[in-house]
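Q: Sequence first, then the predicted structure:
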Amino acid sequence: MSIIETLPTEAAEPAAERKLTAGLLALLAGLAAIGALSTNIILPSFPSIGSALNVPTRDLGLTLSSFFIAFAIGQLFVGPLSDRYGRRWFVLGGLTVFIIGSAICGGAESFPMLIVGRVIQALGVCAASVLSRAIARDLFDGEALAKALSLTMVAMAAAPGFSPLLGSALDAQFGWRATFVLVAVLGAVLAAYYALSAGETHPADRRSAASLSATMLAYRGLLADARFILPALAVSLVIGGLYAFFAAAPAILILGLGLSAWQLGLFFATTVFVVFAGGLLAPRLAHKCGARPIATIGIGLAMLGGGLLLAASAAPTFYGFAGAMAVFLLGMGLVNPLGTALTLQPFGHQAGLASALLGFLQMACAGTGTALTTALPLSPLGALSVILTGGSALALVIFLRQRPEPHHGKV
């Protein structure tokens, strides 16, 4: 069975013809990853930032929550506006705003100014993230779409893993402000590469002319459409577990198991290879067995990883924690690209809107998962175990509620 046969095609609008090249894949991956990179790269610099700006380290969590909130809200507007006016200028404009926000953060002399810069960063970079998926949907369909999304989703999930190690090295060598210089430079390079290589992927004859009220109705329609909301919620709940892992791991590994900050960065970087493995396996397994069955297996693996972590919490060890998280991350790597493809495939005529709402749901679950790691009256390891197990179990129940649509051959 082909992955194309497992994706709904009845309501899908044909994608533009474009060859799936390494350069285009790299561009999509970069657009998807830069927001996630910007989120976690500053974590090792919290002590330095707190000392420089005279802020308690615990209060620096606001630099993450403010970023998440602005990111989630901003993409709700970017997606539908890009459906109406095209992708190009929103990507380029968003990256320009992101560079400005990064410059404000890098030069901040007070904590409020740092938060302002983080909000501006998020409002700009959300366009790149949400439109990476929309651009993929503009250009590809079926199996090619799943392959493109596999790499972009892997990049988006891997960036938070590598970024703490990179941030630690920059902070040690050049100081905390260097992290913002780096992400600004990366934003400029990405903008230039996009301008020179991609062009407009959403031509005028495919654009929506929807008003604000029509856009709100469209969002409501997507929320009520089982083809969208069921796989979208399932993927978002698993992604929420990923961000809960990033939030809880420092307390678990440094305070609980005695790792150094540098060892923590190495651990995060190592877990990325598990996500890579899942993302690379996803389209190959889906080609043979179908996207929906493999996505279901992925959610099951994520739930198993949470259960193993719950069992390991009775007598915590590094290897018990690492093994359980490897199972969870492998499952996340499988379900993320396939669940995203299943979510977006039927909505080619409003890919920006659908991608924006999917991104909002993911960031909402990320914020919820991150908050629960400290809100639950449990140890960090116990809280993470409950979040991963419960969130993945709920994702599986939701995902299995959607019945596959009948198919009429390949497209």
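A: Cool, got the structure. Numbering: from 1, shown residues only.
Q: Low-confidence ranges, the stretch 151-300 of the chain, go.
A: In the predicted model of the stretch 151-300 of the chain, residues 153-154, 156-158, 201-212 satisfy pLDDT under 70.
Q: ok, which stretches of it are helices?
A: Counting by DSSP state H, counting those that start in this stretch, the stretch 151-300 of the chain has helices at residues 177-197, 212-224, 226-250, 261-289, 291-312.
Q: buried set for the second one?
A: I take that to be helix 212-224. Judged by neighbour count (16 or more other C-beta atoms under 10 Å), helix 212-224 contains these buried residues: 215, 218-219, 222. Quick note: C-beta positions are derived from backbone N, CA and C, even for glycine.
Q: Need the residues that contact that helix.
A: Contacts with helix 212-224, where a contact means C-beta atoms under 8 Å, 6 or more residues apart in numbering, come from 76, 80, 210, 228-229, 347, 350, 353-354, 357.
Q: quick check: angle from it to helix 226-250?
A: Per axes from the mean of the first three to the mean of the last three C-alpha atoms, to 10 degrees, the angle that helix 212-224 makes with helix 226-250 is 80 degrees.
Q: Send me the host helix or strand of Ile34 as PDB with only the CA atoms.
A: Assignment of secondary structure by DSSP states H and E places Ile34 within helix 22-40. The C-alpha trace of helix 22-40 is given here as PDB (Å, rounded to 0.1, in the frame of the first residue of the first chain):
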ATOM      1  CA  ALA A  22      17.900  18.800  -1.700                       C
ATOM      2  CA  GLY A  23      18.000  22.600  -1.900                       C
ATOM      3  CA  LEU A  24      14.300  23.000  -1.500                       C
ATOM      4  CA  LEU A  25      14.200  20.500   1.300                       C
ATOM      5  CA  ALA A  26      17.000  22.400   3.100                       C
ATOM      6  CA  LEU A  27      15.000  25.600   2.700                       C
ATOM      7  CA  LEU A  28      11.800  24.100   4.100                       C
ATOM      8  CA  ALA A  29      13.800  22.600   7.000                       C
ATOM      9  CA  GLY A  30      15.400  25.900   7.800                       C
ATOM     10  CA  LEU A  31      12.100  27.800   7.800                       C
ATOM     11  CA  ALA A  32      10.600  25.200  10.100                       C
ATOM     12  CA  ALA A  33      13.600  25.000  12.500                       C
ATOM     13  CA  ILE A  34      14.600  28.600  13.100                       C
ATOM     14  CA  GLY A  35      11.700  29.300  15.500                       C
ATOM     15  CA  ALA A  36      12.500  26.200  17.500                       C
ATOM     16  CA  LEU A  37      16.200  27.000  17.500                       C
ATOM     17  CA  SER A  38      15.500  30.500  18.800                       C
ATOM     18  CA  THR A  39      13.300  29.000  21.600                       C
ATOM     19  CA  ASN A  40      15.900  26.800  23.400                       C
END
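Q: Point out the other helices and strands that it packs with.
A: helix 62-85, helix 88-106, helix 111-139, helix 142-174, helix 177-197 (3 or more C-beta pairs under 8 Å, 6 or more residues apart in numbering; DSSP states H and E).
Q: if we go to 6 Å?
A: Applying 3 or more C-beta pairs under 6 Å, 6 or more residues apart in numbering; DSSP states H and E, one finds that helix 22-40 contacts helix 111-139, helix 142-174.
Q: Relative to Thr63, which of these is closest?
A: helix 111-139 (5.2 Å; C-beta to C-beta).
Q: Hey, what's the angle from the closest one to helix 62-85? Just curious.
A: Angle of helix 111-139 versus helix 62-85, following the same axes, to 10 degrees, is 40 degrees.
Q: I'd like the mean pLDDT over helix 111-139, please.
A: Averaged across helix 111-139, the pLDDT comes to 87.
Q: by contact count, what packs against it?
A: helix 22-40, helix 62-85, helix 88-106, helix 142-174, helix 351-375.
Q: out of those, nearest to Ala198?
A: Here helix 22-40 is closest among those (C-beta to C-beta), at 6.0 Å.
Q: Now do that closest one and helix 261-289, the angle between them.
A: Relative orientation of helix 22-40 versus helix 261-289 (the same axes, to 10 degrees): 140 degrees.
Q: Centre of the chain to the following helix or strand past helix 22-40, how far?
A: Per DSSP H and E, helix 22-40 leads on to helix 46-53 as the next helix or strand towards the C-terminus. On the basis of C-alpha atoms, centre = their mean, to the nearest Å, helix 46-53 sits 27 Å off its chain's mean C-alpha point.
Q: Show me what counts as buried in helix 46-53.
A: Buried positions in helix 46-53, judged by neighbour count with 16+ other C-beta under 10 Å: 46, 48-50, 52-53.
Q: One more: stretch 266-277?
A: For stretch 266-277, burial by neighbour count (16+ other C-beta under 10 Å) applies to 267-269, 271-272, 274-277.
Q: now do stretch 279-298
A: 279-283, 285-287, 290-298.
Q: now do stretch 361-376
A: Result for stretch 361-376 [16+ other C-beta under 10 Å]: buried residues 361-363, 365-370, 372-373.
Q: Equivalent analysis for stretch 26-42, please.
A: For stretch 26-42, the neighbour count (16+ other C-beta under 10 Å) marks 27-42 as buried.
Q: Same check on stretch 84-95?
A: For stretch 84-95, burial by neighbour count (16+ other C-beta under 10 Å) applies to 84, 86-88, 90-92, 94-95.
Q: What average pLDDT does that stretch get?
A: Rounded mean pLDDT across stretch 84-95 is 86.
Q: from the middle of its chain, how far away would it be?
A: 19 Å.
Q: Grab the CA positions of it and hand them over as CSV.
A: What follows is stretch 84-95, C-alpha atoms only, in CSV (Å, rounded to 0.1, in the frame of the first residue of the first chain):
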residue,chain,number,x,y,z
ARG,A,84,-5.1,35.7,0.4
TYR,A,85,-1.9,37.6,-0.5
GLY,A,86,0.7,34.9,-1.1
ARG,A,87,3.6,33.5,0.9
ARG,A,88,6.7,35.4,-0.4
TRP,A,89,6.3,38.8,1.4
PHE,A,90,5.1,37.2,4.6
VAL,A,91,8.2,35.0,4.8
LEU,A,92,10.6,37.8,4.0
GLY,A,93,8.8,40.3,6.1
GLY,A,94,8.6,37.9,9.0
LEU,A,95,12.3,37.1,8.9
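Q: All good on my end, thank you.
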